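# show me how the following folds:
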Amino acid sequence: MKERSSGRNGLRQALAANNLTALLAERVMGWTVAPDRFLTGKRGWTPRWKFQPFKRLDHAFRLLDQLAPEKFTMGATEDGCFWAKVRVAGTTGEAHESSKAMAITFAVARALGIDVEANG
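Predicted coordinates for the structure are as follows:
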């Protein structure tokens, strides 16, 4: 998934990221997904556009902290890409992406068994 893109492919990628964000919000954060917001419990909510783990590193780390993985490692390659590896309940998820936030978020999703596209 690339952060910026145009045309139908860009729209498809944006929708995929939005759907994956909603799925992670449910499974990891324990939030309920509503059409324009996440219900965070105890009558609290946040607009969907405010939780962006693919773009914001602090949000990606928030997912990771909530997940409490058995093991987490990350690093960078010589060409400036980032990689992350997350192990949860014996299942490892890995990702190599152009941003730290994307690498962490994809690795979390894969560790949970969510099928996500490879970076194109």
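
# give the contact list for the closest residue in space to residue 38 that isn't next to it in sequence.
Spatially, and ignoring its direct neighbours in sequence, residue 38 is nearest to residue 31 (4.2 Å; Cβ to Cβ, 6 or more residues apart in numbering). Placement of C-beta: from N, CA and C, glycine included. Neighbour list for residue 31: 25, 38-41 [criterion: Cβ atoms under 8 Å, 6 or more residues apart in numbering].

# so where is the chain shaky, pLDDT-wise?
Applying pLDDT under 70 to the chain flags the ranges 1-15, 118-120.

# pretty sure residue 48 contacts residue 22?
Yes. The criterion here is Cβ atoms under 8 Å, and residue 48 meets it with residue 22 at 7.4 Å.

# what sits in contact with each of the two?
Common contacts of residue 48 and residue 22 (Cβ under 8 Å, 6+ apart): residue 38.

# the host helix or strand of residue 65 - contacts with which helices or strands?
Residue 65 belongs to helix 57-67 when elements are defined using DSSP states H and E. With contacts taken as 3 or more Cβ pairs under 8 Å, 6 or more residues apart in numbering; DSSP states H and E, helix 57-67 sits against strand 82-88, helix 100-111.

# the longest one vs strand 82-88, what angle?
Taking axes from the mean of the first three to the mean of the last three Cα atoms, to 10 degrees, one finds helix 100-111 and strand 82-88 inclined to each other by 30 degrees.

# quickly note the distance from the residue nearest to residue 38 to residue 84.
According to Cβ to Cβ, to the nearest Å, residue 31 stands 22 Å off from residue 84.

# next: residue 116.
Distance of residue 116 to residue 84, computed by Cβ to Cβ: 13 Å.

# ok, the two, which is more surrounded?
Neighbour count, other Cβ atoms under 10 Å: between residue 116 and residue 84, residue 84 has more, with 26 against 17.

# contacts only, for the residue nearest the centre of the chain.
Residue closest to the mean C-alpha point of the chain, counted by Cα atoms, centre = their mean, is residue 105 at 2.8 Å. Under the criterion of Cβ under 8 Å, 6+ apart, the neighbours of residue 105 are 20, 24, 53-54, 60, 63, 95.
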